[in-house]
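Colleague: Build the 3D model from these lines:
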Amino acid sequence: MGTGKSSVGRVLAKKLKRRFIDLDAVIEQKTNKTILEIFQCEGESGFRDLEIQATREITLQKRTVIACGGGVILNKINIDRLKANALIVYLAASPSVILKRTSRGQGRRPLLKVADQVSRIEELLNFRRSFYEYAADIEINTSKLDINAVVEQIMGRLQKNEGFDF
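Modeller: You can find the predicted model right below:
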């Protein structure tokens with residue numbers, strides 16, 4: 001969260017002339033609930049089940065840029081489905097940058113509903129980092145970059161990838 005997945009994804013999709021899909025938005029649309037409401041009603045495990053279902057559906061679509069929630073990598077089936085037809089871009093950021101970016105949407109981040117948000121972000125990053133690195137085809141640290149700079153870096157890396165179809 002807070003690394004730029006949705007913002008970068010939208011701009012990247014436009015540059016690539018592809019459809020943009022935000023996985024969390026798909027889940028919200030299917031359930032007619034916000035992510036926060038899903039976490040409150042069904043807990044994180046209920047949300048992860050919905051995430052698996054939505055990932056299965058969207059990975060069938062071609063020529064799309066998909067912004068996945070930061071926890072999508074916690075389930076190997078999601079990664080296997082994404083890797084079957086996509087390149088995975090891991091956008092990283094420092095805990096302080098993530099806190100700054102996520103504080104704009106106070107109350108919308110169920111995993112940050114804790115007193116010490118910096119510690120929680122560090123805990124999540126430390127736990128998930130190896131999953132992100134394992135899954136990623138491309139890794140970019142967005143901490144000191146604006147959206148367009150991140151998109152340009154991704155585009156440059158995609159051009160070097162023989163399997164990518166422009």
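Colleague: Find the helix or strand that Lys100 is a member of.
Modeller: In the assignment (DSSP states H and E), Lys100 maps to helix 95-102.
Colleague: Which neighbouring elements make contact with that helix?
Modeller: helix 117-135 (3 or more C-beta pairs under 8 Å, 6 or more residues apart in numbering; DSSP states H and E). For the C-beta atoms, the positions are set from N, CA and C on the backbone; glycine is no exception.
Colleague: And the next helix or strand past the helix it packs on?
Modeller: strand 138-141.
Colleague: related to what we said a few turns ago, next, the angle from the helix holding Lys100 to helix 117-135.
Modeller: Orientation check (axes from the mean of the first three to the mean of the last three C-alpha atoms, to 10 degrees): helix 95-102 against helix 117-135 gives 100 degrees.
Colleague: Can you give the contact residues for helix 95-102?
Modeller: 1-4, 93, 109, 112, 117-118, 121-122, 125, 142-143 (C-beta atoms under 8 Å, 6 or more residues apart in numbering).
Colleague: for stretch 11-25, which positions count as buried?
Modeller: Val11, Leu12, Ala13, Leu16, Arg18, Phe20, Ile21, Asp22, Leu23, Asp24 (16 or more other C-beta atoms under 10 Å).
Colleague: now the closest residue to the fourth one other than its chain neighbours, what's its secondary structure?
Modeller: This points to Leu16. Closest residue to Leu16 apart from its sequence neighbours, by C-beta to C-beta, 6 or more residues apart in numbering: Val65 at 6.6 Å. Classification of Val65 by DSSP: H, G, I helix; E, B strand; the rest coil places it in strand.
Colleague: Please tell me the pLDDT value assigned to Val65.
Modeller: At Val65, the model reports a pLDDT of 97.
Colleague: and if you look at Pro110?
Modeller: 69.
Colleague: And for Leu99?
Modeller: pLDDT, read off for Leu99, is 88.
Colleague: Kindly report the same for the one 3 residues further on.
Modeller: We have a pLDDT of 84 for Thr102.
Colleague: where's it relative to Leu111, distance?
Modeller: 10 Å (C-beta to C-beta, to the nearest Å).
Colleague: give me the low-pLDDT residue ranges for the protein?
Modeller: 105-108, 110 (pLDDT under 70).
Colleague: Now with 90, please.
Modeller: Residues of the chain meeting the criterion pLDDT under 90: 1-2, 69-70, 85, 99-119, 160-166.
Colleague: re earlier: so which of the contacts of helix 95-102 comes closest to Tyr134?
Modeller: Leu125 (14.6 Å; C-beta to C-beta).
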